[in-house]
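K.L.:
any chance you could fold what I've pasted below:
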Amino acid sequence: MKLFNIFSKKEKKEVLDAGLEKTKTSIFDKISRAIAGKSKVDEEVLDNLEEILITSDVGADTTVAIIRRIEERVARDKYVGTGELHRILKEEIAQLLTLSGNKESEGFEIPEGKKPYVIMVVGVNGVGKTTTIGKLAYQFKKAGLNVVLGAADTFRAAAVEQLVIWGERVGVPVVKQKMGSDPASVAYDTVSSAKAAGADVVIIDTAGRLHNKVGLMNELTKIKRVMQKVCESAPEEVLLVLDGSTGQNAFEQAKQFVKATEVTALAITKLDGTAKGGVVLGISHEMNVPVKYIGLGEKMTDLQPFNRTEFVDSLFEGQSL
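P.N.:
From the prediction side, this is the model:
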């Protein structure tokens with residue numbers, strides 16, 4: 001068993017390193033060029049670093065916070081060599097992730113005493129929402145939990161069909177109704193069915209319509225209210241799925257959904273195909289919502305629990321300035 005655990009941890013690290021390769025190469029190549037010929041961190045270096053972080057989709061507010069903290073250290077220590085910038089930047093990014101509530105997650109688990117643990121998944125079409133639900137169901141089942149899925153995105157037949165396919169692939173039941181049914185009714189039936197069956201986890205898919213549509217807030221509120229007739233604490237988690245490759249669009253979607261409903265966690269997908277992995281830092285910090293999962297590929301096992309220490313270590317590993 002120990003060998004299996006060591007191998008799986010090693011495999012997880014390899015997936016994470018490969019998934020962040022484009023992001024870290026892009027960021028550190030730019031920083032290396034910016035400090036070429038410089039011996040200390042001065043105003044010019046900080047200005048260049050600020051531009052690099054913003055163009056890497058870390059976000060304006062998060063970039064300002066990082067630069068301000070580095071400025072304070074430079075002022076306090078009087079002299080900071082450019083060789084120290086790597087360590088300082090790593091420490092400050094790690095600290096920001098800690099302040100945003102990000103944890104040292106190791107696996108797919110649910111809190112004790114929460115059964116069924118209800119997760120309502122939100123996000124626009126195309127971000128990988130239904131795929132993320134399928135991968136989550138797979139991982140929870142692999143962990144020995146009984147899972148029920150709810151197809152509450154009743155506005156698109158393709159959404160229901162896709163969720164059913166995932167349910168069959170993973171081997172978990174999917175509760176659905178006919179096209180155009182009330183999403184709240186589907187959510188109610190799903191939670192009722194899961195509770196009666198003694199299921200551990202319920203994952204509810206919701207409509208992925210544009211985040212600026214009027215009525216989204218009312219719809220999500222209704223779904224939550226109806227589920228609470230079955231389980232008073234439902235949903236225990238509202239998971240917002242974002243496509244990391246869209247950069248600033250992901251920021252805007254996050255802002256709109258945080259306004260529309262009480263988002264408690266983030267899943268950021270498609271990080272393996274982009275150099276915009278900085279969005280993980282920026283969105284979590286600016287929305288003050290922890291990242292819970294990151295998507296690093298197409299395979300079932302390429303969805304990982306977000307571990308802030310492992311993420312920062314991977315981002316900086318093998319890089320030098």
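
K.L.:
how about the strands of the stretch 151-300 of the chain, start to end?
P.N.:
Assigned by DSSP state E, counting those that start in this stretch, the stretch 151-300 of the chain shows strands spanning 174-175, 201-205, 237-243, 265-269, 291-295.

K.L.:
tell me the most buried of those?
P.N.:
strand 201-205 (a mean of 29; mean count of other C-beta atoms under 10 Å). (Glycine included, C-beta is placed from N, CA and C.)

K.L.:
elements contacting that strand?
P.N.:
Packing contacts for strand 201-205, counted by 3 or more C-beta pairs under 8 Å, 6 or more residues apart in numbering; DSSP states H and E, involve strand 117-122, helix 129-142, strand 147-151, helix 183-197.

K.L.:
partner residues bridging the residue most central in space within the chain?
P.N.:
Central residue of the chain (C-alpha atoms, centre = their mean): Ala267, 2.4 Å from the mean position. Assessed by DSSP bridges, Ala267 has beta-bridge partners Val241, Tyr293.

K.L.:
one step back: can you tell which of the helices and strands packed on strand 201-205 is closest to Gly37?
P.N.:
Proximity to Gly37 (C-beta to C-beta) singles out helix 129-142 among the helices and strands packed on strand 201-205, at 44.8 Å.

K.L.:
buried stuff in that closest one?
P.N.:
By neighbour count on 16 or more other C-beta atoms under 10 Å, the buried set for helix 129-142 is 129-141.

K.L.:
could I get the strands of the stretch 151-300 of the chain as JSON lines with distance to Lys255?
P.N.:
As requested, these are exported to JSON lines (distance: least, C-beta to C-beta, whole Å):
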{"stretch": "strand 174-175", "distance to Lys255": "31"}
{"stretch": "strand 201-205", "distance to Lys255": "22"}
{"stretch": "strand 237-243", "distance to Lys255": "11"}
{"stretch": "strand 265-269", "distance to Lys255": "12"}
{"stretch": "strand 291-295", "distance to Lys255": "16"}
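
K.L.:
right, and those - which one's nearest Lys195?
P.N.:
Comparing the strands of the stretch 151-300 of the chain by C-beta to C-beta, strand 201-205 comes nearest, at 8.5 Å.
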